[in-house]
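Peer 1: any chance you could fold what I've pasted below:
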Amino acid sequence: MKIFYTGKRLYIFAVGLALLSAAVSAQKIRANQFLIWGIGDNEIMIPSGKIIVDAILTLENVATVNNTFYVHLLDNTNKGLFIGSDSFQGDYFESYGFPLQGSYEKGHFVCRLKTINNYQSPMASIFANPCTITLPDLSSITLSSAILELMDYAGNGRGFGIGIDVLDSTLTLSSIRLEMTLKSLNQTAPDSTLIFSLDCPETILHPFQDHFPSGLSVVDEGGIDGPSQWAVINGELSQSANIFTSEQTSDIRKKGTYLVYDGGAALDDYQVDVDMRSADDDAVGVMFRFKDGSNYYRFSWDKQRSYRRLVKNMGGVFTVLAEDSVPYLQMQNYHITIKVIGSLITVLVDGQEVFSVEDDSFDAGSVAMYSCGNAGVFYDNIAISTY
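Peer 2: Residues are numbered from 1 along each chain as shown. Predicted structure coming up:
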């Protein structure tokens, strides 16, 4: 199991050891993981009358040149940093987005979009490839299919991003930078440069071997079919006891068992990601901004009772903030993302937003994995990233 935490304010317990404060100042994308950096539509400000004529994407301070990885322009991405895992032995983004090629330059991996042409690009069926246009001053510029795709993605009003898929070894990088050169289609405005950058956060990685690390505490609240059975099986965190308190659909308390990160009390604005699947058909989920057993938020998913539910437990009183009637599929892996920024709570499943609500009851608190009446739930790739 991989469990990692990103952000400059975090400290986490190492496997079987005492408090760990050392960190690696770069983002690590492991073999069979992918990274998506989404640039929001509200960040894209291309002045009227200007077009993109050049763009350079740089993966800065890449640690090794011996890994296989793929880089793509992506359309319609969610804003922010997302890291997921896949079992596909190849390019995860093969049928999604526009592939980019690059080369190593002084320790960086650089993709110069002005030189990248792909005759399979949708833009190749619309424009000549490469495309030459004449400016009002009668000078001409050539636009590659990569530049045309970037203009299309940046101009559709829905945001765009960069995808990196690592195939066979760990890729380490410190930051990602996209620099675009803009040229005026008339003679009333000077040329300009637009820069987007992502400083990859510090990362602490703790692979689980045959046990989970100290600093994570088990709490059993269910009085039926306990105690819980938290363990690590084949590198995944699992909970295999049917511990619960009530099987009534109307009882939103649904107390069972949870595994909480002890060192997260001061976490305020953050994102938690986890891969999750269930062999059973009962409730499983994630608790966040957890202060204690009577004060937290919880996202839970139940197949038997057919609900996804976001609740607040404040002083022992439970309130439903959002819910729907979508069941999960047994033994299917789902990537759950929960973002808490100020009073905004956003829940995504496999990158698609399912809930977005405002609630300011809790402004900080830790994270816990949750199970109720579920005798076969698995978690992997648990990550906490601070904003």
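Peer 1: ranges for the strands of the stretch 51-200 of the chain?
Peer 2: 69-75, 80-85, 98-100, 103-105, 108-112, 131-134, 140-143, 160-166, 171-173, 175-184, 192-199 (DSSP state E, counting those that start in this stretch).
Peer 1: distance-wise, check S385 relative to L81.
Peer 2: Distance of S385 to L81, computed by Cβ to Cβ, to the nearest Å: 6 Å. All C-beta atoms are positioned from the backbone trio N, CA, C, and that covers glycine.
Peer 1: what's the answer for R289, then?
Peer 2: 20 Å.
Peer 1: who has more neighbours, the two?
Peer 2: R289 (25 against 21; other Cβ atoms under 10 Å).
Peer 1: so who does the more buried one touch?
Peer 2: 267, 296-297, 340, 362-366 (Cβ atoms under 8 Å, 6 or more residues apart in numbering).
Peer 1: what's the local residue count around the residue nearest to it when sequence neighbours are not counted?
Peer 2: Spatial nearest neighbour of R289, excluding adjacent residues (Cβ to Cβ, 6 or more residues apart in numbering): G365 at 3.7 Å. Applying other Cβ under 10 Å, we find 23 residues neighbouring G365.
Peer 1: try K339
Peer 2: 22.
Peer 1: and the pLDDT for it?
Peer 2: At K339, the model reports a pLDDT of 93.
Peer 1: and the contacts of R289, which of them are in strands?
Peer 2: 296-297, 340, 366 (DSSP state E).
Peer 1: picking that back up, point out the most buried one among the strands of the stretch 51-200 of the chain.
Peer 2: strand 160-166 (a mean of 24; mean count of other Cβ atoms under 10 Å).
Peer 1: Y379 contacts E236, correct?
Peer 2: Yes: using Cβ atoms under 8 Å as the test, Y379 is close enough to E236 to be in contact (6.8 Å).
Peer 1: who has more neighbours out of these two?
Peer 2: Comparing Y379 with E236 by other Cβ under 10 Å, the one with more neighbours is Y379, at 23 against 17.
Peer 1: mark out where each domain of this protein begins and ends.
Peer 2: Split into domains by automatic domain parsing, the chain comes to 25-201, 210-386.
Peer 1: any idea which of these scores lowest on pLDDT?
Peer 2: Mean pLDDT per stretch puts domain 25-201 lowest among the domains of the chain, at a mean of 81.
Peer 1: now do the same contact list for G159.
Peer 2: By Cβ under 8 Å, 6+ apart, the neighbours of G159 are 38-41, 43-44, 76-79.
Peer 1: can you put the ones in strands among the contacts of R289 in JSON lines and add distance to S356 and neighbour count?
Peer 2: Formatted as JSON lines, these follow (distance: Cβ to Cβ, whole Å; neighbours: other Cβ atoms under 10 Å):
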{"residue": "Y296", "distance to S356": "19", "neighbour count": "24"}
{"residue": "Y297", "distance to S356": "13", "neighbour count": "24"}
{"residue": "V340", "distance to S356": "11", "neighbour count": "25"}
{"residue": "S366", "distance to S356": "22", "neighbour count": "23"}
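Peer 1: tell me the one of those nearest N61?
Peer 2: Nearest to N61 out of those is V340 (Cβ to Cβ; 30.0 Å).
Peer 1: which strand residues bridge that closest one?
Peer 2: Y270, I345 (DSSP bridges).
Peer 1: looking at it, it is touching V286, isn't it?
Peer 2: No: contact between V340 and V286 fails when scored by Cβ under 8 Å: they sit 11.2 Å apart.
Peer 1: shared neighbours of those two, anything?
Peer 2: Joint contacts of V340 and V286 (Cβ under 8 Å, 6+ apart) do not exist.
Peer 1: leaving out sequence neighbours, find the closest residue to D324.
Peer 2: R308 (5.3 Å).
Peer 1: same deal with R277?
Peer 2: Once flanking residues are discounted, R277 sits nearest to N333: 4.7 Å by Cβ to Cβ, 6+ apart.
Peer 1: go on, D302?
Peer 2: That would be A283: by Cβ to Cβ, 6+ apart, it lies 4.4 Å from D302.
Peer 1: mind checking how far that neighbour is from D363?
Peer 2: Distance from A283 to D363, by Cβ to Cβ: 26 Å.
Peer 1: okay, the two: which has more neighbours?
Peer 2: Higher neighbour count among A283 and D363: A283, with 25 against 12, using other Cβ under 10 Å.
Peer 1: list the contacts for that one?
Peer 2: Taking Cβ under 8 Å, 6+ apart as the test, what A283 contacts is 254, 256, 300-302, 305, 370-374.
Peer 1: S169 against Q33, yeah?
Peer 2: No: S169 is beyond contact range of Q33, at 10.9 Å (criterion: Cβ under 8 Å).
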